[in-house]
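J.: need coordinates for the following:
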Amino acid sequence: MKLNTLIAASLAALALAGCASSKSGNVYSRDQARSEMTVRQGVVESVREVTLEGTKSGVGSTAGAVVGGVAGSNVGRGKGAIVGTVIGAVAGAVAGHAIEEGATTKQAMEITVRLDSGQMLAIVQEGDPNEFRAGDRVRLLSGRGETRVTR
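T.: A predicted model of the protein is given here:
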């Protein structure tokens, strides 16, 4: 059963890694390639650090339950193994949920920009909060319901 536990843990790690995607101003998804975007210009008014909460897709809970259940099934025999499997699955699900959320939580920045038109906008994106400073001239690229701040 130890090989099964190792395989299940490896699959859980791969599943969690696949959940992470970037919300940086410098990263585009494949679907965004060759898409038209509106460009507006403005000046950064302020930048503050924020946190993007982690994903809660259920993949971590499911993978954790499998790993915990397999590990728990090695405890005792008969009814003891059944109880061990159930307790292991529940504990694994709780741990897997926490691991998924923690592994996908990201530091980000809220950038407030005064457009040349006078309109004020705030955009949240991943990145180093020192990347932009008040007074920096920036571009806002908008399309498909998303806006990003770039130089």
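J.: and residue 31, helix, strand or coil?
T.: Of the three states, residue 31 takes helix under DSSP: H, G, I helix; E, B strand; the rest coil.
J.: for it, which non-adjacent residue is closest in space?
T.: Nearest residue to residue 31, sequence neighbours excluded (Cβ to Cβ, 6 or more residues apart in numbering): residue 144, at 7.9 Å. Just so you know, the C-beta spots here come from the backbone N, C-alpha and C atoms, and that holds for glycine as well.
J.: spatially central residue for the protein, please.
T.: The centre of the chain sits closest to residue 104, judged by Cα atoms, centre = their mean, with a distance of 3.5 Å.
J.: measure that one to residue 22 for me?
T.: Note on residue 104: its distance to residue 22, by Cβ to Cβ, to the nearest Å, is 11 Å.
J.: immediately after the longest helix seen in the chain, which helix or strand?
T.: Longest helix in the chain by number of residues (criterion: DSSP state H): helix 79-104. Sequence order places strand 106-115 as the next helix or strand after helix 79-104, per DSSP states H and E.
J.: what comes up buried for that following strand?
T.: Buried residues in strand 106-115, counted by 16 or more other Cβ atoms under 10 Å: 106, 108-109, 111-113.
J.: can you redo these as JSON lines with distance to residue 78 and pLDDT?
T.: Shown next, in JSON lines, are the buried residues of strand 106-115 (distance: Cβ to Cβ, whole Å; pLDDT from 0 to 100):
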{"residue": "106", "distance to residue 78": "46", "pLDDT": "87"}
{"residue": "108", "distance to residue 78": "51", "pLDDT": "93"}
{"residue": "109", "distance to residue 78": "56", "pLDDT": "96"}
{"residue": "111", "distance to residue 78": "61", "pLDDT": "97"}
{"residue": "112", "distance to residue 78": "63", "pLDDT": "98"}
{"residue": "113", "distance to residue 78": "66", "pLDDT": "98"}
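J.: quick one, helices of the protein?
T.: 2-19, 59-72, 79-104.
J.: state the mean pLDDT of the second one.
T.: Think helix 59-72. Averaging the model's pLDDT scores along helix 59-72 yields 76.
J.: let's number from 18 now, not from 1
T.: All right, first residue 18 from here; so that's helix 76-89.
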